[in-house]
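Chemist: Quick one, fold the following:
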Amino acid sequence: MVRSMTGYGRGIYSDNQRSITVEVKAVNHRYCDITVKMPRKYSFAEEKIKAAAKEVMRRGKIEIGVSIDNFGKSETDVNLNLEVAKRYYDALTELSQSFELSGDGQVPLSLLAGMTDVLTTVPAADDEEEFTRELMAALKEALEGISAMRTVEGEKLALDILKRADIIENTKNLIAERAPKIEREYKEKLKARITELLDGSVEVPEDRLALEAAIFADKANITEEIVRLGSHIDQLRTFINGDEETVGKKIDFLVQEMNREANTIGSKSNDMDITSWMLELKAEIEKIREQVQNIE
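Modeler: Here you go, the predicted model:
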């Protein structure tokens, strides 16, 4: 089964306390590269988010964004440090007595509360287990959405690749049909050329012509390349139609081998028709290679 590496998914969890929105975006990449953007106070859940994403997506550059809106309570708690407040109170009281300052000797509450570290604000504590459960519910919905999109896109890629595989096979068959005729035509052209040069004064030995034609045919023989190319096409269809989920790297390697065979056919063959078909082969192989870059 072919799946694209490109997709988008969105999931939401909401109750009377908070709303959690998770967005997942993915594009093609050689490996599985996951980044998570979320408020720092909830970073305890980051590894669980990545682990859940890896179960669904094996390759791709994946960005997961998490936003939280709290309804039921403030996101900030206030801590009172009584020990520090007592020390400030004692110090201020002693200061007032030592210098016989006017007043009733009482330290104003506003002054004491404004002293450093007496009152501090910290992020409100959350039940990590409860929050993680809610977050994973939103993440699951987002992952289901992106997975469905990647599957649909993958089906389109598979159809396009199979169509091009058919074109490559048809072109390969034309080359295979043409290849055996080259030796005979070369022998006839060679005989005509020699006869022309000698002006018909000397009869050209058939055995010598046959030897020269055989040497040429051996150098230009592309049977192995045609057979291997056919095998690669069959294997490509197997990958596309198979049940394996992550086939992008295998198909990419296979396409490289197909391109190698096409290049060898072009370099060994001394025939205009085969050269033309070879260029068509390479064009279709390159189109497949471009599509494969987006397959998981």
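Chemist: ok, which stretches of the stretch 151-296 of the chain are strands?
Modeler: Assigned strands in the stretch 151-296 of the chain: none (criterion: DSSP state E, counting those that start in this stretch).
Chemist: for it, which spans come out with low pLDDT?
Modeler: For the stretch 151-296 of the chain, the stretches flagged by pLDDT under 70 are 183-220.
Chemist: where do the helices sit along it?
Modeler: 206-219, 223-241, 248-268, 272-292 (DSSP state H, counting those that start in this stretch).
Chemist: My read is that residue 134 contacts residue 13, right?
Modeler: Yes. Assessed by CB atoms under 8 Å, residue 134 is found in contact with residue 13 at 4.8 Å. Every residue, glycine included, has its C-beta placed from N, CA and C.
Chemist: okay, and the common contacts of those two?
Modeler: Shared contacts of residue 134 and residue 13, defined by CB atoms under 8 Å, 6 or more residues apart in numbering, are found at residue 20.
Chemist: What distance do you get for the nearest residue to residue 32 once chain neighbours are set aside to residue 162?
Modeler: Using CB to CB, 6 or more residues apart in numbering and skipping the chain neighbours, the partner closest in space to residue 32 is residue 59 (5.4 Å). With distances taken as CB to CB, to the nearest Å, residue 59 is found 21 Å from residue 162.
Chemist: between those two, which one's more packed in?
Modeler: Neighbour totals were compared for residue 59 and residue 162, and residue 59 leads with 19 against 15 (other CB atoms under 10 Å).
Chemist: Tell me how this structure divides into domains.
Modeler: Under the assignment named as automatic domain parsing, the residue ranges that make up the domains of the chain are 7-73+127-150, 76-123, 154-292.
Chemist: how long is the longest one from one end to the other?
Modeler: Domain 154-292 has an end-to-end distance of 10 Å (CA to CA, to the nearest Å).
Chemist: tell me how far that domain is from the chain's mean position?
Modeler: Its chain's average C-alpha position is 32 Å from that of domain 154-292, according to CA atoms, centre = their mean, to the nearest Å.
Chemist: Same check on stretch 35-54?
Modeler: 20 Å.
Chemist: Now that stretch: buried residues?
Modeler: For stretch 35-54, the neighbour count (16 or more other CB atoms under 10 Å) marks 36, 38, 42, 45, 46, 49, 52, 53 as buried.
Chemist: taking those one by one, which sit in helices?
Modeler: The helices in this structure, assigned by DSSP state H, contain 46, 49, 52, 53 from the buried residues of stretch 35-54.
Chemist: and which of these is nearest residue 259?
Modeler: Using CB to CB, the shortest approach to residue 259 within those belongs to residue 53, at 33.4 Å.
Chemist: Who are the contact partners of that closest one?
Modeler: 24, 34, 62, 64, 139, 143.
Chemist: Tell me how far it lies from residue 132.
Modeler: Taking CB to CB as the measure, residue 53 and residue 132 are separated by 15 Å.
Chemist: Ramachandran coordinates for the closest residue in space to residue 89 that isn't next to it in sequence?
Modeler: Take residue 89 and drop its neighbours on the chain: the residue closest to it by CB to CB, 6+ apart is residue 107, 5.4 Å away. Torsion angles at residue 107 (phi, psi; degrees, to the nearest 10) stand at phi -80, psi 120.
Chemist: correct me, but residue 107 touches residue 94?
Modeler: No. Residue 107 lies out of contact with residue 94 (CB under 8 Å); the separation is 10.6 Å.
Chemist: where does the residue lying closest to residue 49 once chain neighbours are set aside land on pLDDT?
Modeler: Once its chain neighbours are removed from consideration, residue 49 has its nearest residue in residue 36; the separation is 5.3 Å (CB to CB, 6+ apart). Here the pLDDT value assigned to residue 36 is 97.
Chemist: can I assume residue 36 is in contact with residue 46?
Modeler: Yes. Taking contact to mean CB under 8 Å, the distance of 5.0 Å between residue 36 and residue 46 places them in contact.
Chemist: these two touch, right, residue 277 and residue 171?
Modeler: Yes. Under the criterion of CB under 8 Å, residue 277 is in contact with residue 171, at a separation of 5.1 Å.
Chemist: still on that earlier bit, what sits opposite the residue nearest to residue 49 in the beta ladder?
Modeler: The bridge-partner assignment for residue 36, based on DSSP bridges, gives residue 64.
Chemist: Can you tell me how far it is from residue 135?
Modeler: Distance, residue 36 to residue 135, using CB to CB: 11 Å.
Chemist: overlap in contacts of those two?
Modeler: In contact with both residue 36 and residue 135: 49, 66, using CB under 8 Å, 6+ apart.
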